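>>> Starting from these lines, generate the structure:
(4 chains, ligands or ions: 4)
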Amino acid sequence: MATHLRANLPPLSLHVPEPKFRPGDAVDFASVDVPAAGATRRPDTADEARSFTDLAYGLVRVLDDENRAVGPWDPKLSPDTLRRMLRDMALVRAFDERMFRAQRQGKTSFYMKCTGEEAVSIGATAALDADDMCFPSYRQQGILLSRGCPMVDMMNQIYSNRGDKLQGKQLPIMYSEKRFGFFSISGNLTTQYPQAVGWAMASASKGDTRIAATWCGEGSTAEGDFHSALTFATVYRAPVIFNVVNNQWAISSFSGFAGAEATTFAARAVGYGIAGLRVDGNDALAVYAATEWAAERARTNQGPTLIEHFTYRAEGHSTSDDPSQYRSAGEPTAWPLGDPIRRLKDHLIALGEWDEERHAAQDKELAEAVKAAQKEAEQNGILGHGLHQPLDSLFDGVFEEMPWHLREQQAQMLAEEEASGRPWARK
Amino acid sequence: MATHLRANLPPLSLHVPEPKFRPGDAVDFASVDVPAAGATRRPDTADEARSFTDLAYGLVRVLDDENRAVGPWDPKLSPDTLRRMLRDMALVRAFDERMFRAQRQGKTSFYMKCTGEEAVSIGATAALDADDMCFPSYRQQGILLSRGCPMVDMMNQIYSNRGDKLQGKQLPIMYSEKRFGFFSISGNLTTQYPQAVGWAMASASKGDTRIAATWCGEGSTAEGDFHSALTFATVYRAPVIFNVVNNQWAISSFSGFAGAEATTFAARAVGYGIAGLRVDGNDALAVYAATEWAAERARTNQGPTLIEHFTYRAEGHSTSDDPSQYRSAGEPTAWPLGDPIRRLKDHLIALGEWDEERHAAQDKELAEAVKAAQKEAEQNGILGHGLHQPLDSLFDGVFEEMPWHLREQQAQMLAEEEASGRPWARK
Amino acid sequence: MSDSMTDTNDTSRMNMIQAINSAMDVVMARDPGVIVMGEDVGFFGGVFRATAGLQAKYGKTRVFDTPITECGIIGVAVGMGAYGLRPVPEIQFADYIYPALDQLVSEAARLRYRSGGEFTAPITVRSPFGGGIFGGQTHSQSPEGLFTHMSGIKTVIPSTPYDAKGLLIAAIEDNDPVIFFEPKRIYNGPFNGYWDKPAENWSKHPGGEVPGGYYRVELGKANVVREGEALTVLCYGTMVHVCQAVIAEAGIDAEIVDLRSLVPLDIETIEASVKKTGRCMIVHEATRTSGFGAELSALVQERCFYHLEAPIERVTGYDTPYPHSLEWAYFPGPVRIGEALKKIMKDA
Amino acid sequence: MSDSMTDTNDTSRMNMIQAINSAMDVVMARDPGVIVMGEDVGFFGGVFRATAGLQAKYGKTRVFDTPITECGIIGVAVGMGAYGLRPVPEIQFADYIYPALDQLVSEAARLRYRSGGEFTAPITVRSPFGGGIFGGQTHSQSPEGLFTHMSGIKTVIPSTPYDAKGLLIAAIEDNDPVIFFEPKRIYNGPFNGYWDKPAENWSKHPGGEVPGGYYRVELGKANVVREGEALTVLCYGTMVHVCQAVIAEAGIDAEIVDLRSLVPLDIETIEASVKKTGRCMIVHEATRTSGFGAELSALVQERCFYHLEAPIERVTGYDTPYPHSLEWAYFPGPVRIGEALKKIMKDA
Ligand SMILES: Cc1ncc(C[n+]2csc(CCOP(=O)(O)OP(=O)(O)O)c2C)c(N)n1
Ligand SMILES: Cc1ncc(C[n+]2csc(CCOP(=O)(O)OP(=O)(O)O)c2C)c(N)n1
Ligand SMILES: [Mg+2]
Ligand SMILES: [Mg+2]
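Ligands and ions are numbered 1, 2, ... in the order given. Next up, the predicted model:
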């Protein structure tokens, strides 16, 4: 054994990460490295992953400080497409605001906004085909809104009301929308990652052309499922896009508790020999371009790509959270990558394809549309006001066919409810 | 959504890895990249991990084709230390051969050899301090033998006999040797990884100077525990050494099913921003040097290192396995990195510090020592011949204090055994 | 050790969160080996605030946030335990304990046995469990039954702030792994099952009177919260309060046993009670099939067969996931307990 | 569907491995969506050879080895199921199913419920379980009880080659997730519990006669392997054979019920039998506390209370890990079953 003189060494110490700012601190994000837009190279989609590991440490940015689209990643979208994306992002924000308020008004139990992260889902959805399969986390409502899912349907789910096709069985915002290529959201973090790989492997094994995409937060990358997914994906070269939404926070824990002090999240890809990109998540064009590139790789049997979307969670984790308890109130506005909606809007204005008046009008129109949808949804009921689902529907869908023990429990429930004088009718 | 014309693309296809050689195939390992000994640079242990990611793709080698120790990684060990390491490795092999045979003779249920991988544990143990804590997998018996664990104790465990301090409760070779800094081996792969991190974090939080080291196979890196461990280690800069023993096979599955087609296992470290080394696992000096380097990083609060030991499992997975079913019989001898014992022996001979006669004499002496230990151990009994533990010891150690339900079960067992006319005594 | 050892007499009103927080505080002050870790438990003090103030008091190396990997949290805790520390990891919701199951049942629970006692896992896993807060399928589960099936691990569930503190201290000081499930529905007050009536807090409940200092409530001892002759009610956690309310309303002279610890179980108290009353009702929120109620029923009929005057009744959650909007239909509340009572008392 | 639908009449002698292999072969030939995956199942054909020959016959994209991550194996299978395939993942030993538990219970088992039936997980997880092969603590476990507690998943356990094939085909064709535990002790022959007597093979057992083609044994139907009047024995897997041997030796006119499927359970058969016999013994190898025997005991006493003439007896594995050298002391073999029989028949 080594003869090395340990007694001369200082004792070990445990490093426990600490975010830069806590409540009350003045915020200065100067240490966040923001490369210039257009500076990052764009490899050919047929290149081998090992030839562009630098991309995992860079930051793909298209919109520059003068609101121009620049560099090799500019996806060169038509003004119509850009306006469509802007509209979708604005719709997501309007929807979020309204539903957050609905929760505060006691109309439902829970809500989660994606404020500041709208580009992540809208940019990606715009670059994917409509029948590509999405395995989202809980902060990609943008996928549904952009794919045309009726807002009323989403709200029905949020209210667990009569119109909710999930029969009130799921927590609000845990949508399932097969018709829009949107997998059932799980409450358990990152379980969707290997599932997306499985779907993609199935598609590949069937000689299909559809690919899968999945999302999780930077905090969620720590789960074992993340690793299982990346391992399977690299082994079988699955046609899947892994999105890591690095919005800097996981409830109250900053990204350092997921490993951000040592490297980027895109670098995880390097560890498995798969393609990794780091993208300005507040730049809808960069998100679009990265997704388009990754999708092309997937569709041409080049395998998986992991995209880290560098962004910021501008509001609380959920309606149950109060971020002023653990981070500086100055962070959201100080975030150096700006507001994704404002940036795309300013780009369209700079192109001469949009103006403030149209934007204001659109915001108003969207707010009206959301309000109208809300009204319609509330006609189907809100949570806690009466019984919106037949009591016995509680037993539907555990199995395809109901076994005797559930039938028996169901019958007993109905009998007891009867015997008790229908307490459910009280409200 | 994208307007991209998917109809023009060929269908997706699923890539399923396939090893180069199957039973009956002629083996040619020319495609295995073997850099020259001494060619890989040795960064300062205070350097940042990101400054030497190339090491994760290289191969630290010290012993060259002329049996000289060359290059910056040469640990410059004394002949005594080298002889000690050679002896330890030869002892491991002798022990393995004898115990394998014992299983074949029906003296126990199970055994696992580490033939061809002796340098991995002997090199590491030599470079660690005696009180550094090891969290091994099942193929590091070398740690125990090198730290001086009496062979009789190990054999008692293998035989589940009267002398087994684990009371026959564990499968053979699942040692636990706290006095030799050797954690209880688990049957569940890779669970030891986060445990080693926890131990290391505890040591650091207490201002201790002891570090932890852990081992798993390349196949086992796919488990979620591996990822949890590396994530925790990078976040808290835990003083731990992760060893991945890439012996090319996981039972019948070649390393491609753990991701080896796309990159190295050392590259996993890069994904977390921690130090990664790739080492010729059949070169005891390279293993020593890498471990020494990693230990110094750990002891100076530079955090974790992952070392991939590139080696070859020269025999079956275990006594339950028949490798001729799934791989070419030519592989073990064709392995381009040679036999670790022969290489260290030839080095010592080249140094003029050893010769074939002494080696043969030592082999004989070790074989005798193993045999003598075996004889002694067998006096404590072998598996299946009589009852070596008191029946009721079955209930010891579930909890610190036995709760009523175990006491009751224990009493019932003894009563039933009594009533039945002691069937246990039949044998 | 006595059922309750207190080294200070000053008590104060605490809710269950405060009592749990106080337990960790008291043990951390006494034993430098106790460390607290988990998702959001550090600076913020936990999503239910159970660890609030502990990081400020004991420092970042003893109270810290972790990566979001339950497998890692428990695996790391096992390693820390092997080093000699006494980790108290939190799993944010019991519904998220499954990724850690292998580390809990194959490692923590087996370590002493498989190492001949060389290594142990003196860890206490705290986790809020149970429903009744509109948490939907993944913030409502009661997985305690699983752990009772795995030899080598203890399962403890308090029903009052007083018990929560005393049991948690005993759990942390125990040298075996303990799963400590906290009934989150009663963190703030004793819930009687009437979800449509105003919520109560702990201020008027005797169990809300909690000593400020060190005391233990021994693991494995049940608490007879109501003595009676007509039947025995076995319950734990939130359901203790629901059962008390229903029994009071029904005017039945029931003996209500709060188990407090499922493994080890206080079989003596259970057996004595059922032998006295001749009837037994078991109530838990967890899914019925193979829930801990099944084990209780089996034990009672094995031991009290000749004393039983009616079939043992189980009132439990249904064999479905915990639904969001119909949560009060799922919850085994007063109506269902009441109906079961009628059934079991029919011939009495 | 009938209890047994056979489309070919040629039967042959198979051991349980061959029967399981044949089940996969037959279903793969009929349904291109069936895929087989797991550690070592591809080229090598599995460590117990259950998948031997399938890769050669159906190709690498339908039968393949996987990385060693049980979490990944099940997670990937769930995704494949959502795509429309019918995956049959193997978990190499039941002891290694815990890392996959979250994907099994929070995902596979819940998918239909939480998605309003939009997505389902028609997966069948095969896994060898049980002891008696000197496998030590981590190659011997019987975790079936855990799964019976999780709503949304079926648990099936065969006791003969015939049943293994028919049940496995039915499981794979089932649109819900099924855990298919294979009693590895009887892969090669019906083990009667006398470990010190020569091993038998399936060649003389009627259950070793297996049709070569397609047939199903319906999930949820028990098999009365011996009719009798004196008591009811509930068992499954290996223990069916042990119970048969002990009953034969004791010369008791017992009714032995091989459950075959724990969820869904054939309650009718159980209830009818116990009402007839008035006595009930439950035998399983799994750890006693909260094992499936507890649920069986609870169900029987709830439904047959007034027919029971003696306490229901459980004969089970002890509440300890499965020890290596004392494995026959742990195993609930003839001695223990015999003693329990005496006890239960005492007043008969
Ligand atoms: C398995 C599991 N563990 C813990 C939680 C509790 N939880 C819900 S969201 C969350 C934080 C996730 O953070 P991140 O992945 O960064 O996503 P973000 O909320 O920032 O979008 C935690 C810990 C959970 N839902 N599932
Ligand atoms: C959790 C778990 N899954 C599966 C197994 C079965 N198993 C035992 S060893 C092994 C192969 C491990 O291969 P590798 O990690 O390369 O180590 P090696 O045997 O080559 O040293 C497998 C699959 C196990 N023991 N634990
Ligand atoms: Mg986040
Ligand atoms: Mg290997």
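>>> Which one of the residues in the stretch 151-300 of chain C is closest to ligand 2?
C:G152 (18.1 Å; Cβ to the nearest ligand atom). Yep, even glycine has a C-beta here, placed from its N, CA and C like the rest.
>>> Could you find the closest non-adjacent residue to that residue?
Residue nearest to C:G152 in three dimensions, not counting chain neighbours: C:A109, with 3.4 Å by Cβ to Cβ, 6 or more residues apart in numbering or on different chains.
>>> now A:P340
Using Cβ to Cβ, 6+ apart, the nearest residue to A:P340 is A:A119, at 3.7 Å.
>>> hmm, the helix or strand the one you found falls within touching ligand 3?
Using DSSP states H and E, A:A119 maps to helix A:118-127. No. Using Cβ under 5 Å from the ion, no contact is recorded between helix A:118-127 and ligand 3, whose separation bottoms out at 11.1 Å.
>>> C-terminal to that helix, what's the next element?
Next along the chain after helix A:118-127, taking DSSP H and E as the criterion, comes strand A:133-135.
>>> Which elements pack onto that following strand?
The contact analysis (3 or more Cβ pairs under 8 Å, 6 or more residues apart in numbering or on different chains; DSSP states H and E) places strand A:133-135 against helix A:192-205, strand A:212-217.
>>> Give me the domain ranges for chain C.
According to automatic domain parsing, chain C comprises the domains C:7-217, C:223-344.
>>> coming back round to it: can you tell me the SS state at the residue of the stretch 151-300 of chain C closest to ligand 2?
Look at C:G152: counting by DSSP: H, G, I helix; E, B strand; the rest coil, its state is coil.
>>> Let me know the distance separating it from ligand 4.
Distance, C:G152 to ligand 4, by Cβ to the ion, to the nearest Å: 30 Å.
>>> Next, that residue: phi, psi?
Backbone torsions for C:G152, taken as degrees, to the nearest 10, come to phi 100, psi 0.
>>> Please report how far C:Y113 lies from B:S176.
Between C:Y113 and B:S176 the computed distance is 11 Å (Cβ to Cβ, to the nearest Å).
>>> more crowded one of the two?
For the pair C:Y113 and B:S176, the greater number of neighbours falls to C:Y113 (26 against 21), based on other Cβ atoms under 10 Å in any protein chain shown.
>>> give me every residue that touches the residue in the stretch 151-300 of chain C positioned nearest to ligand 3.
The minimum distance from the stretch 151-300 of chain C to ligand 3, using Cβ to the ion, falls at C:K184 (23.7 Å). By Cβ atoms under 8 Å, 6 or more residues apart in numbering or on different chains, the contact set of C:K184 is C:48, C:128-130, C:133.
>>> The residue nearest to A:P340: neighbouring residues, count only.
A:A119 has 34 nearby residues by other Cβ under 10 Å.
>>> so who does the residue nearest to C:L231 when sequence neighbours are not counted touch?
Counting by Cβ to Cβ, 6+ apart, C:L231 lies nearest to C:R279, which is 3.6 Å off, once chain neighbours are set aside. Residues counted as contacts of C:R279 (Cβ under 8 Å, 6+ apart) are C:230-232, C:308-310, C:344-345, C:348.
>>> Would you write a PyMOL line that selects the buried entries of those residues?
With 16 or more other Cβ atoms under 10 Å in any protein chain shown as the criterion, this PyMOL line picks the buried residues out of those:
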select buried, chain C and resi 230+231+232+308+310+344+345
